[in-house]
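Enquirer: Got a predicted model here, sequence first, then my questions.
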Amino acid sequence: MSALLGFAIMFAFACVVIAMVFCTVRLLIGPSAQDRVLALDTLWMCAMLLALMMGIRHGSQIYFEAAMLIALVGFASTVALAKFLMRGEIIE
Amino acid sequence: MNGLESIPAWAALPTAFLLILGGTIVVVGAMGLMRLPNFYQRIHGPAITVTLGAGCLLIASMIYFTVLKSRPVIHELIITLFVLMTAPVVAMLIMRAAIYRDLRAGKGESGVTDGGVYRLPEQEE
């Protein structure tokens, strides 16, 4: 049964990495600035999931704090970028 | 340390199922982000990645650590709540910025006027 769990963990790992590759493609070819911001936001979420998967794989709780920090910083940065696209400045 | 061997079968099965389901949903959402034709369709792709995909993986993590440590480990709920609260906010901010920019630039071909809600400035009399 641990073989099945090990396979599932590696499968989820590979899926998140492939999703990050797709987001990077959209980040590079995205025709407009809002496409790039959206791809960057999804990339933050995938990085958060990757930290979480790392925690499951190593059986350690330390990665949980890293995942939470990545989620917080990702939210703040995406809001700042969206505000910049909307108004041309962040703090008015 | 790797505690895969100490997980009993009744916990390993749902954890593996949720991990595989969550990973597949994450990939499908990112593929939608990459392949859909215009921005207003593309913004729907990451929505399932951050709600259903991340939710499945976080619940799998919760089951795994609860069984591994033999006590309730539910602090992944904090991330789940935070992501579920912030995903609509982020989507709405990016969408409003995109609509504003497309209307200002007069880009009707970007799909901003498709729903019949917004009009380009020169179409209004």
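Expert: Received the coordinates, thanks.

Enquirer: Skip ahead from the helix or strand containing residue A:39 and say which helix or strand is next.
Expert: Using DSSP states H and E, residue A:39 sits within helix A:33-58. Using DSSP H and E, the helix or strand that follows helix A:33-58 towards the C-terminus is helix A:62-87.

Enquirer: Please point out which parts of the helix holding residue A:39 sit buried.
Expert: A:34-57 (16 or more other C-beta atoms under 10 Å in any protein chain shown). All C-beta spots, glycine's among them, are computed from the backbone N, C-alpha and C.

Enquirer: Now the biggest helix by length in chain A: buried residues?
Expert: Identified as the longest helix of chain A according to DSSP state H is helix A:2-29. Buried residues in helix A:2-29, defined by neighbour count with 16+ other C-beta under 10 Å: A:4-6, A:8-9, A:11-13, A:15-16, A:18-20, A:22-24, A:26-27.

Enquirer: next one: phi and psi at residue B:118?
Expert: phi -100, psi 150 (degrees, to the nearest 10).

Enquirer: quick one, what contacts it?
Expert: Applying C-beta atoms under 8 Å, 6 or more residues apart in numbering or on different chains to residue B:118 gives the contacts B:99, B:103, B:112.

Enquirer: what's the angle from the strand or helix carrying residue B:21 to helix A:33-58?
Expert: If you go by DSSP H and E, residue B:21 is part of helix B:9-35. Angle, helix B:9-35 to helix A:33-58, by axes from the mean of the first three to the mean of the last three C-alpha atoms, to 10 degrees: 160 degrees.

Enquirer: Show residues contacting the next helix or strand after helix B:9-35.
Expert: Once helix B:9-35 ends, the next helix or strand along the chain (criterion: DSSP H and E) is helix B:39-42. By C-beta under 8 Å, 6+ apart, the list of residues contacting helix B:39-42 from outside reads A:26, A:32, A:34-35, A:38, B:32-33, B:36, B:95, B:98, B:110-112, B:114.

Enquirer: Give me the buried stretch members for helix B:39-42, please.
Expert: So helix B:39-42, judged by 16+ other C-beta under 10 Å, has buried residues B:39-40, B:42.

Enquirer: Who wins on neighbours among the contacts of residue B:118?
Expert: Greatest neighbour count in the contacts of residue B:118, by other C-beta atoms under 10 Å in any protein chain shown, goes to residue B:112: 23 neighbours.

Enquirer: these two touch, right, it and residue B:103?
Expert: Yes - if you go by C-beta atoms under 8 Å, residue B:112 and residue B:103 touch, sitting 6.3 Å apart.

Enquirer: anything in contact with each of these two?
Expert: Common neighbours of residue B:112 and residue B:103 (C-beta under 8 Å, 6+ apart) are B:118, B:120.

Enquirer: show me where pLDDT drops low in the chain?
Expert: Since you didn't name a chain, this refers to chain A. A:1 (pLDDT under 70).

Enquirer: Switch to chain B, please.
Expert: B:1-3, B:123-125.

Enquirer: Okay, helices next: where are they in it?
Expert: B:9-35, B:39-42, B:44-48, B:54-69, B:76-105.

Enquirer: Residue A:72 contacts residue B:83, correct?
Expert: No - using C-beta under 8 Å, residue A:72 is not in contact with residue B:83, being 10.4 Å away.

Enquirer: Which of these two has more residues huddled nearby?
Expert: Between residue A:72 and residue B:83, counted using other C-beta under 10 Å, the more crowded position is residue B:83 (21 against 15).
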